[in-house]
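Enquirer: sequence and predicted structure below; questions after.
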Amino acid sequence: MFTKEQQLIEAKIKTFCSANDIPLAELKWQPIPFSGEWGFATSFFQTAANEARTGKGGKPVPQRAQEIAEQVKATLRLTAQGGSVDGISRIDAVKGYLNLYFSTATYASRVVDEVLASGLDFGRGAKKNERVMVEYCQPNTHHSFHIGHARTTVLGETLARLVEFAGFETIRASYPGDLGLGVITVMWIYDKFYKGQEPHGVHERGQWLLKLYVEATALLEKKENETPEETVKRETYDVERREMYRKWDSGDEYVREIWRVTREWSLEELRDVLRMFDVKMDVWFYESEVDDLAKEIVEELVAKDIATDERPNGGAVIVKIDEKLGLTKEKYRTNVLLRSDGTTLYLTKDLALAKIKFEQYHVDRSIYVVDVRQSMHMQQAFAILKLWGFPQAEKCYHLGYGFVSLPEGAMSARRGRVVLFKDVYDEAIKRVLAVESERSGNIPESEREKIAQQIGLGALVYSMLSVDNNKDIVFDINEALSFDGRTGPYIQNAYVRANSILKKSKVEEPALSKSKGQKSDLGPSNFDYELTKHEIELIEQISRFPQTVEQAANEYRPLVMAAYAYDLANAFHSFYHAVNVLQTEDEKIRNARLQLVMAAKQTIENALRLLDIQAPEVM
RNA sequence: GCCUCUAUAGCUUAACGGAUAAAGCAACGGUCUUCUAAACCGUCGAUCUAGGUUCGAUUCCUAGUAGAGGCACCA
């Protein structure tokens, strides 16, 4: 937000250096990193080091850097009109850095007015003319949605919101796994023992399928000390299951009908979970629908001599990726596209799906939010796409996330050792309601449940976003549902407090919650008074929002936005305690502060939205 | 055997190669007749080891240690 001054100053520095034969290095600008200070800064270490390399000077680099900074400072003073630079109140040369401090009133007004004029669009990036597809949320059907699935969903949705807000045309895609042995296992036990006994509720039924899966796995798994009768029974079951798989594959109508019905139960539950997360998928891909195309592309890849066909010798179709890329050291190794029995694999389907994304959806960038344990597979897929000749292969990105385990060990669906998302969600609401009754008195009865959902989910979502995506998480429900400190509710609470001040002030908030705001009825802001350090820190944080959006989107890192949102809320809470807005006597100052609160509220709202966290009006 | 990721305070986590390594939890001490104490203020406390590159390294490179994960017919 300080680019205008920055460019002006940078030009002057360049002129000065070329006139004085100083080999200026590229200037990197950053905010002055001290609390309560504001302005922007750059250093001259690089430049001094350049100079030393040419053999000039001979002074230590830090000392020379400081000299240059001082000379630049003097020059800026001289060339400025009346000894001051427009928009800059003070220039310091310290320890090799050049610090330029803002003129308080000018800068504060610029930031606040900009926010109020832009409203929900504050921070939105310019249109990028590129289409991005974010693929996330790929649970298997015939299981239930657990806390690990919640991580990809939250990460993927936040990433989608970030790139969309940063200016990319964005497509959200889900890719449920609706076939395979696990699916057939559930269908087998359902058909044999439980047909017609399913419960009615959407979530109850989804969870019931998981119970069936656990039970079926137990029946089909080889146990120690089996009696001969048990062995015979188990093997008979297994034959039945394999027979069912075969029938499914050949399109047997009876088996297909069981598949369609049970699959739909899972998808209903999934859709309801996504509704809770406020996720609106644009595209649904299903493994079962990609399968036919996957078989076709195998032939295409063989014809193009990318894949090696070993079927004539009774083998599979494989891709010797390293060899085809001309690599001597092993990196991507070799992988199978088609089993000897003619069936496809995960990789094959992913390649087919990529083709659909590129050719039917004209995707320029393709982001995969997928478990880090599949890094190798994703790299193999991207390498093959490149061999295949898709230029978009360069812009495929695997956003890996560490896996979510429990304090007692890894989650295991087949053993039934999972934490279901719905259970955590229900528990979250229960806990919020308990806190609500003791902490907040002014929530209308009709709103309590809804606000409890917003806060409970806010806590859960933030706990998943505040850890870098490639780190593993040990899921602890007490940590995930904490409402104190660095949490979702902390940020929501800052929003609520801002809202509360504005409501009591009886001042209209014209720009808030509108896409394009008009002028506030207080007119343009006027910060022509001595600001407290808390006000400065808050304005400073607000002004960083646009660049944070850009950084988080460019680096595909939701964490960057999560960290920022906390810092912003923290600045607001400190301001809230130190400065009493409504009791400010001077009307001019009071109005300026009200506008600052409006701007803070708007920025917190925008940040929360990007994090897929709701902003309640009261709590 | 090869490859990838991780290592920061008692615990959970931050930190474009730059100024004083930042928070939360826990512990201890303060702050509600003042816009909501789901908050604020303060104290205590950390870069795995050894080299290297650099004016400058938590950050980059090499080696080691410890942990997690992956390596062709599972997904």
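Expert: The structure has been received and is ready for your questions. Numbering: from 1, shown residues only, chains lettered A, B, ... in the order given.

Enquirer: any weak-confidence spans in the stretch 501-619 of chain A?
Expert: Within the stretch 501-619 of chain A, the segments meeting pLDDT under 70 span A:508-521.

Enquirer: I meant to write the stretch 101-250 of chain A there.
Expert: Judged by pLDDT under 70, no stretch of the stretch 101-250 of chain A qualifies at all.

Enquirer: residue boundaries of the helices in it?
Expert: A:104-118, A:147-165, A:181-189, A:202-220, A:228-249 (DSSP state H, counting those that start in this stretch).

Enquirer: quick one: contacts for A:Tyr401?
Expert: Going by CB atoms under 8 Å, 6 or more residues apart in numbering, A:Tyr401 touches A:151-152, A:155, A:369-372, A:469-470. For the C-beta atoms, the positions are set from N, CA and C on the backbone; glycine is no exception.

Enquirer: what do you get if the cut-off is 6 Å, keeping everything else the same?
Expert: A:151, A:155, A:469 (CB atoms under 6 Å, 6 or more residues apart in numbering).

Enquirer: need the pLDDT of it.
Expert: A:Tyr401 is assigned 95 on the pLDDT scale.

Enquirer: now it, nearest residue through space, not along the chain?
Expert: Spatial nearest neighbour of A:Tyr401, excluding adjacent residues (CB to CB, 6 or more residues apart in numbering): A:Asn469 at 4.6 Å.

Enquirer: so which bits of the stretch 501-619 of chain A are right by RNA strand B?
Expert: A:501, A:504, A:559-560, A:563, A:566, A:570, A:573-574, A:576-583, A:618-619 (CB under 7 Å from any atom of the strand).

Enquirer: drop anything exposed from the residues you listed.
Expert: By neighbour count, with 16 or more other CB atoms under 10 Å, these hold A:501, A:559-560, A:563, A:566, A:570, A:573, A:576, A:579, A:581, A:619 as buried.

Enquirer: show me the contact partners of stretch A:490-498.
Expert: Outside of stretch A:490-498, the residues within contact range by CB under 6 Å, 6+ apart are A:458, A:565, A:569, A:572-573, A:576, A:597, A:600-601, A:604, A:615-616, A:618-619.

Enquirer: I'd like to know which of those residues are buried.
Expert: A:458, A:565, A:569, A:572-573, A:576, A:597, A:600-601, A:604, A:615-616, A:619.

Enquirer: what's the most distant pair in those?
Expert: A:Gly458 and A:Val597 (21.0 Å; CB to CB).

Enquirer: what bridges to A:Ile91?
Expert: Beta-bridge partners recorded for A:Ile91 (DSSP bridges): A:Leu100.

Enquirer: need the pLDDT of it.
Expert: At A:Ile91, pLDDT is 92.

Enquirer: then A:Ala52?
Expert: On the pLDDT scale, A:Ala52 is placed at 87.

Enquirer: A strand includes the residue nearest to A:Tyr401, no?
Expert: No: under the criterion used here (DSSP: H, G, I helix; E, B strand; the rest coil), A:Asn469 is coil, not part of a strand.

Enquirer: got the buried residues for stretch A:42-55?
Expert: Per 16+ other CB under 10 Å, stretch A:42-55 contains these buried residues: A:42-48, A:50-52.

Enquirer: neighbours of whichever residue of chain A sits closest to RNA strand B, how many?
Expert: Relative to RNA strand B, the nearest point of chain A is A:Gly485 (2.1 Å; CB to the nearest atom of the strand). A:Gly485 has 8 neighbours, counted by other CB atoms under 10 Å.

Enquirer: swap in A:Glu449?
Expert: Around A:Glu449 there are 13 residues (other CB under 10 Å).

Enquirer: got the buried residues for stretch A:280-290?
Expert: Here stretch A:280-290 shows A:281, A:285-288, A:290 as buried, counting by 16+ other CB under 10 Å.

Enquirer: kindly report the same for stretch A:325-332.
Expert: A:Tyr332.

Enquirer: give the contact list for the closest residue in space to A:Ala150 that isn't next to it in sequence.
Expert: Residue nearest to A:Ala150 in three dimensions, not counting chain neighbours: A:Phe421, with 4.8 Å by CB to CB, 6+ apart. Shown in contact with A:Phe421 (CB under 6 Å, 6+ apart): A:145, A:147, A:150.

Enquirer: re the thing from before, of all the buried ones among the residues of the stretch 501-619 of chain A next to RNA strand B, which two lie farthest apart?
Expert: Maximum distance among these (CB to CB): 31.8 Å, for A:Leu559 and A:Val581.

Enquirer: just the strands from the stretch 451-600 of chain A, written as ranges.
Expert: A:473-474 (DSSP state E, counting those that start in this stretch).

Enquirer: those helices in it, which residues are they?
Expert: Listed in chain order, the helices of the stretch 451-600 of chain A (DSSP H, counting those that start in this stretch) span A:477-480, A:488-505, A:533-543, A:545-554, A:558-578, A:587-610.

Enquirer: in the second one, what counts as buried?
Expert: Okay, so that is helix A:488-505. A:488-502, A:505.

Enquirer: what's near enough to touch the nearest residue to A:Thr106 once chain neighbours are set aside?
Expert: Of all residues not flanking A:Thr106 in the chain, A:Gly87 sits nearest, at 5.5 Å (CB to CB, 6+ apart). Taking CB under 6 Å, 6+ apart, we find A:Gly87 in contact with A:5, A:103, A:106.

Enquirer: go again with 8 Å.
Expert: By CB under 8 Å, 6+ apart, the contact set of A:Gly87 is A:4-5, A:102-103, A:106-107.

Enquirer: show the pLDDT at it.
Expert: So, for A:Gly87, pLDDT stands at 82.

Enquirer: how about A:Pro33, secondary structure?
Expert: Quick answer, by three-state DSSP: A:Pro33 is coil.

Enquirer: count the neighbours of the closest residue to A:Glu164 other than its chain neighbours for me.
Expert: Nearest residue to A:Glu164, sequence neighbours excluded (CB to CB, 6+ apart): A:Thr170, at 3.9 Å. For A:Thr170, the count of nearby residues is 21 (other CB under 10 Å).

Enquirer: thinking A:Thr170 is in contact with A:Glu130, fair?
Expert: No: taking CB atoms under 8 Å as the definition, A:Thr170 is not a contact partner of A:Glu130, at 9.8 Å.

Enquirer: what ranges in the stretch 351-500 of chain A fall below the confidence cut-off?
Expert: In the stretch 351-500 of chain A, residues with pLDDT under 70: A:441.

Enquirer: got the residues of it near RNA strand B?
Expert: A:372-377, A:402, A:410, A:432, A:435-436, A:439-440, A:442, A:451, A:455, A:466-468, A:470-474, A:479, A:482-487, A:489-490, A:493, A:496-497, A:500.

Enquirer: just confirm A:Val319 is within a strand.
Expert: Yes: under three-state DSSP, A:Val319 sits within a strand.

Enquirer: give me every residue that touches it.
Expert: By CB under 8 Å, 6+ apart, the neighbours of A:Val319 are A:301, A:306-308, A:334-335, A:337, A:380, A:384, A:387.

Enquirer: now it, nearest residue through space, not along the chain?
Expert: Per CB to CB, 6+ apart, closest to A:Val319 is A:Ala307, 5.0 Å.

Enquirer: with A:Phe483 instead?
Expert: Closest to A:Phe483 by CB to CB, 6+ apart is A:Pro489, at 4.3 Å.

Enquirer: ok, now which ones touch that neighbour?
Expert: Here A:Pro489 is in contact with A:455, A:458-459, A:483, A:619 (CB under 8 Å, 6+ apart).
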